[in-house]
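Participant: got a structure for you, letters missing:
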């Protein structure tokens with residue numbers, strides 16, 4: 001697939017932007033390719049970087065909950081670029097790969113806590129509208145597990161990732177194309193360009209279904 005918007009060459013951006021791109025390559029979520037596209041617009045680059053740091057990596061909501069919602073959005077809009085990344089912070093906190101595998105079937109799965117399921121219903125309703133959930137039950141459960149401050153933060157984080165991932169899937173970008181050579185935050189089976197190609201060719205690759 002041809003690339004729709006080019007990557008800004010690393011040597012053409014200033015030192016602050018270079019430092020952020022290196023951070024993306026070394027720690028991911030986001031990986032550097034999507035950031036290198038946003039680098040065409042200085043305000044867009046820093047809006048996303050700063051907002052993502054505050055909403056996703058920091059804040060008052062458990063990071064693992066936000067990570068599950070992020071990947072749920074990836075799966076539901078089929079954003080392969082984002083869906084093949086994993087948060088290092090969530091992994092360090094104990095989030096297991098099997099908890100990513102069943103996200104689109106979270107209601108019937110036994111690998112999620114009631115709190116996680118409440119957040120995932122929230123993500124589903126944001127992505128697909130209130131008719132996609134039992135709205136009364138959703139709000140009852142959300143208020144059971146989250147404060148209003150947390151609900152605002154979580155809603156903004158989900159909304160930001162939903163908008164960005166819906167855009168990123170149009171770009172024709174993939175991993176290991178910019179500041180290549182690291183496996184930081186990559187999902188199992190996507191650690192290198194060769195591994196990525198092999199995994200994507202499998203009949204069991206998640207985006208095929």
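Facilitator: That came through, no problem. Values in this document were obtained by computation on a predicted structure and should not be read as measured data.

Participant: Leaving out chain neighbours, which residue sits closest to residue 57?
Facilitator: residue 89 (6.7 Å; Cβ to Cβ, 6 or more residues apart in numbering). C-beta here means a position set from N, CA and C on the backbone, and glycine is covered the same way.

Participant: Check which residues of the helix ranked longest in the chain are buried.
Facilitator: Counting residues, the longest helix in the chain under DSSP state H turns out to be helix 148-168. Neighbour-count burial for helix 148-168 flags 150-151, 153-155, 157-158, 160-162, 164-165, 168 (criterion: 16 or more other Cβ atoms under 10 Å).

Participant: ok, and what's touching whichever strand or helix holds residue 197?
Facilitator: Here residue 197 sits within helix 193-201, counting by DSSP states H and E. With Cβ atoms under 8 Å, 6 or more residues apart in numbering as the test, helix 193-201 has contacts from 80, 84, 174, 175, 176, 180, 189, 190, 205, 207.

Participant: and if you look at stretch 55-67?
Facilitator: Taking Cβ under 8 Å, 6+ apart as the rule, stretch 55-67 contacts 29, 70, 86-87, 89-90, 93-95, 115-116, 119, 146-147, 149-150, 153-154, 156-157, 160-161.

Participant: can you list the residues that contact the longest helix of the chain?
Facilitator: Contacts for helix 148-168 (Cβ under 8 Å, 6+ apart): 34, 48, 51-52, 55-56, 59-61, 65-66, 69-70, 73-74, 77, 79, 81-82, 119, 122-123, 126-127, 142-143, 146.

Participant: Nearest residue to the middle of the chain?
Facilitator: Compute the mean C-alpha point of the chain, and by Cα atoms, centre = their mean the closest residue is residue 70, 4.1 Å away.

Participant: Tell me if I am right that that one is in a helix.
Facilitator: Yes - counting by DSSP: H, G, I helix; E, B strand; the rest coil, residue 70 falls inside a helix.

Participant: Quick check: closest non-adjacent residue to it.
Facilitator: Residue nearest to residue 70 in three dimensions, not counting chain neighbours: residue 161, with 5.0 Å by Cβ to Cβ, 6+ apart.

Participant: That neighbour and residue 67, how far apart?
Facilitator: Distance, residue 161 to residue 67, by Cβ to Cβ, to the nearest Å: 10 Å.

Participant: likewise residue 180?
Facilitator: 24 Å.

Participant: before we move on, what about residue 184?
Facilitator: 15 Å.

Participant: So which of the two has more stuff around it?
Facilitator: Using other Cβ atoms under 10 Å as the criterion, residue 184 and residue 67 rank with residue 67 on top: 24 against 18.

Participant: got the angle for whatever helix or strand the more buried one lives in vs helix 148-168?
Facilitator: Element membership for residue 67 (DSSP H and E) is helix 63-77. Interaxial angle of helix 63-77 relative to helix 148-168 (axes from the mean of the first three to the mean of the last three Cα atoms, to 10 degrees): 40 degrees.

Participant: Return the residues in contact with the nearest residue to residue 121 once chain neighbours are set aside.
Facilitator: Closest residue in space to residue 121, ignoring its immediate chain neighbours: residue 138 at 4.6 Å, by Cβ to Cβ, 6+ apart. Counting by Cβ under 8 Å, 6+ apart, residue 138 makes contact with 118, 121, 122, 125.

Participant: Please consider this matter closed, and thank you.
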